[in-house]
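In: Predicted model and sequence follow; I will ask about them next.
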Amino acid sequence: MNKSSIKIVVTGGAGFIGSALIRMIINNTEHKVLNIDKLTYAGHLESLESVADSNRYQFEEVDICNAEKIKRIFNEFGPNAIMHLAAESHVDRSIDGSAEFIKTNINGTHTLLEEARQYWQGLKGDRKENFRFLHVSTDEVYGELGDTGFFTEETPYDPRSPYSSSKASSDHLVRAWHHTYGLPVLITNCSNNYGPYQFPEKLIPVVILKALQGEKIPVYGTGENVRDWLYVDDHARALLKVVEEGTPGETYNIGGHNEKQNIEVVHTICDTLNELVPKEDGETYRNQISFVTDRPGHDFRYAIDASKIEKELGWIPDETFKTGINATIKWYLDNMDWVEAVTDKNYNLERLGIKA
Ligand code: NAD
Ligand code: TDX
C-alpha cells in the first residue's frame, strides 16, 4: 500500500479508541479521514476538537446499519481503507440489554461488509489490490483464562457475555467475507484499553472519578479478576500499522503485557491520587473501596500473547502501566470539563449489569 497519503473511513471515531486513532492519524500522517459515527451515549465530538478544523478530517453522523448512506459515503469519499471500530462496547450494558449489541455489532458489521464488498469489487488495478478492511475486535471473544496461559491467534473462540458473543459473531462474518468473496480484511483482537477520553463507565475512569467525588469505589466480586491493560495510543499505533503493513486475511492479537488484578489497579489509582490530590483530612482514597455484587458471568482472566504483531510488524507498546496510568490520571484531573460535557447526555449513574 502507498503509505504516504491514503483516504481512510473510520467508524466509531467519536468513541474512546476511535478518537485516539483519528487524533493520531491527523497529527502524525498525511492521510485523510472520514469519521462515521451515530453519536450514541458513548460518542462525543468534544474528543475530536483538536483535529476538527483540519482539512484532512470530515465527519458524517450516520448509523452503520444504514446501507444507503454507507454506500453513498464510500462512493463519494473513495476510501483506500476502512477501519471499523463502531460498536456497543460495554459488557455491563450488554447484560442489561443485548438488542443494541446485536444491531450494531452484528447487523452493522454485516452492512459495512456488504457495502465494502460492492465498493471494492468496483475498484480497478492497484486501488483494488491495496484496499483494506480492518475489523477492530477484542480478546473477550476467546473466553476466559485460568491462572496461567495466554490467548494466541489460534485460541478457539468461546465468548461468554452478550457483548463478546456479538463481537465474535462479527469476527466470523468478517472472515467469511474474506474466504467467500476475497475481501482483503484484517482482524485485530486487543486487550483492555485505558487512557484519556474514556467514557466513565469503564473501570479506570469510574475509579478515578468516584474517588475524586468522595463516592464508594465499586469493585466487583473479590477484585481478583485479571485484565491485561494497554494504553490507548499504543493500540491506535498498532491499528495503523496493521492497516498499512498487515497481510490480508490475517488476525493480530494486540496487548500490553500488563496483567493486573482489578484490586491492584484500584489501589494504584488510589495511591497516585493520594500523592497528586491529598485529602484534607489525610485519609487515603483506599478507604472508599467497596466490594459489590459480582458481574454475572464475570470472565476471570484475560492475557494476550502479542508476539505475532511484535515479530511480523515490529510493533511494541511505548507505555508501561506506570507511565500510562499516571498520564491518564493527570489527564482526568486536567479535563473535568470534558467529563462534564460527556456525562450530562443520557448518562446512567446507576450500577449496570446486575440483572439476574
Ligand atoms: P466506545 O463505546 O467508546 O465508542 C464506540 C463508538 O461507536 C461511539 O462513538 C459510538 O457513538 C459509535 N457507535 C455505536 N453504535 C454505532 C452505530 N450503529 N453506527 C455508528 N456509530 C456507532 O468504544 P471503544 O472503547 O472506543 O471501542 C472501539 C472498538 O474497539 C469497539 O469495536 C470495541 O469492541 C473494540 N475494543 C475495545 C476495547 C476497550 O478496552 N475499550 C478493547 C478491545 C477492543
Ligand atoms: O465499576 C467497575 N468495577 C469493577 O470491578 C467496573 C466498571 C468494572 N469492574 C471490573 C470488571 C472487569 O473485571 O473491572 C474489569 C474491567 O471492566 P470494564 O472496564 O467494564 O472492562 P471489561 O469488561 O474487561 O471490557 C473491556 O475490555 C475489553 C471493554 O469494555 C471492552 O469493550 C473490550 O472489548
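Out: Everything's here; your move. Residues are numbered from 1 along each chain as shown. Ligands and ions are numbered 1, 2, ... in the order given.

In: which bits of the protein sit near ligand 1?
Out: Contacts of the chain with ligand 1, taken as Cβ under 6 Å from any ligand atom, map to 11-12, 14-18, 37-40, 42-43, 63-65, 85-89, 104, 108, 136, 138, 167, 190, 192-193, 199. The way it works is simple: take the backbone N, C-alpha and C, and place the C-beta from them, glycine included.

In: Which residue ranges of this structure form helices?
Out: Along the chain, counting by DSSP state H, helices occupy 16-28, 67-77, 91-96, 99-101, 109-121, 125-130, 162-181, 203-212, 232-245, 262-276, 307-313, 321-334, 336-343.

In: how about the shortest one: buried residues?
Out: If you call a residue buried by 16 or more other Cβ atoms under 10 Å, then helix 99-101 has these buried ones: residue 101.

In: Equivalent analysis for the second one, please.
Out: Of the residues in helix 67-77, those with enough neighbours to count as buried (16+ other Cβ under 10 Å) are 69, 70, 73, 74, 77.

In: who does that helix touch, helix- and strand-wise?
Out: strand 7-11, strand 32-37, strand 57-61, helix 109-121 (3 or more Cβ pairs under 8 Å, 6 or more residues apart in numbering; DSSP states H and E).

In: Export that helix to PDB, keeping only CA atoms.
Out: These are the backbone C-alpha positions of helix 67-77, laid out as PDB (Å, rounded to 0.1, in the frame of the first residue of the first chain):
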ATOM      1  CA  ALA A  67     -26.800   0.700   3.900                       C
ATOM      2  CA  GLU A  68     -27.900   3.500   1.600                       C
ATOM      3  CA  LYS A  69     -25.900   6.200   3.500                       C
ATOM      4  CA  ILE A  70     -22.800   4.000   3.800                       C
ATOM      5  CA  LYS A  71     -23.000   3.300   0.000                       C
ATOM      6  CA  ARG A  72     -23.200   7.000  -0.800                       C
ATOM      7  CA  ILE A  73     -20.200   7.800   1.600                       C
ATOM      8  CA  PHE A  74     -18.000   5.000   0.100                       C
ATOM      9  CA  ASN A  75     -18.700   6.200  -3.400                       C
ATOM     10  CA  GLU A  76     -18.300   9.900  -2.700                       C
ATOM     11  CA  PHE A  77     -15.200   9.700  -0.500                       C
END
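
In: and that helix, average pLDDT?
Out: Looking at helix 67-77 alone, the average pLDDT works out to 98.

In: Excluding chain neighbours, what is closest to the residue in the stretch 251-356 of the chain positioned nearest to ligand 1?
Out: When distances are taken as Cβ to the nearest ligand atom, the stretch 251-356 of the chain reaches nearest to ligand 1 at residue 254, 8.0 Å away. Taking Cβ to Cβ, 6 or more residues apart in numbering as the measure, residue 254 lies nearest to residue 190, with 4.1 Å between them; neighbours along the chain are not counted.

In: Residue 100 now?
Out: Using Cβ to Cβ, 6+ apart and skipping the chain neighbours, the partner closest in space to residue 100 is residue 88 (5.0 Å).

In: For PyMOL, write the select line for the buried members of the residues of the chain next to ligand 1.
Out: The following PyMOL line selects those of the residues of the chain next to ligand 1 that are buried, judged by 16+ other Cβ under 10 Å:
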select buried, resi 11+12+14+15+16+17+18+37+38+40+42+43+63+64+65+85+86+87+88+89+104+108+136+138+167+190+192+193+199
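
In: which ones are touching the closest residue to residue 224 other than its chain neighbours?
Out: Setting aside the residues directly before and after it, residue 224 is nearest to residue 261 in space (Cβ to Cβ, 6+ apart), at 5.3 Å. For residue 261, the contacting residues are 223, 224, 225, 226, by Cβ atoms under 8 Å, 6 or more residues apart in numbering.

In: surely residue 88 meets residue 95?
Out: No: in this structure, residue 88 sits apart from residue 95 without contact. The criterion is Cβ atoms under 8 Å, and the distance is 11.8 Å.

In: just to revisit the earlier point, and the gap between the residue nearest to residue 224 and residue 186?
Out: Note on residue 261: its distance to residue 186, by Cβ to Cβ, to the nearest Å, is 32 Å.

In: just to revisit the earlier point, now the residue nearest to residue 254, which residues is it bridged with?
Out: The residues listed as beta-bridge partners of residue 190 by DSSP bridges are residue 138, residue 254.

In: Pull the contacting residues for it.
Out: Residues in contact with residue 190 (Cβ under 8 Å, 6+ apart) are 136, 137, 138, 139, 230, 235, 238, 253, 254, 255, 304.

In: now those: which count as buried?
Out: The neighbour-count criterion (16+ other Cβ under 10 Å) marks 136, 137, 138, 139, 230, 235, 238, 253, 254, 255, 304 among the contacts of residue 190 as buried.

In: Turn the residues you listed into TSV, columns for pLDDT.
Out: Formatted as TSV, the entries for the buried ones among the contacts of residue 190 read as follows, by pLDDT from 0 to 100:
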residue	pLDDT
136	99
137	98
138	98
139	98
230	98
235	98
238	98
253	98
254	98
255	97
304	97
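
In: Please identify the residues of the stretch 251-356 of the chain in proximity to ligand 2?
Out: Within the stretch 251-356 of the chain, the residues that sit near ligand 2 (Cβ under 6 Å from any ligand atom) are 262, 295.

In: Count the residues that sit near residue 160.
Out: Other residues within reach of residue 160 by the criterion other Cβ atoms under 10 Å amount to 17.
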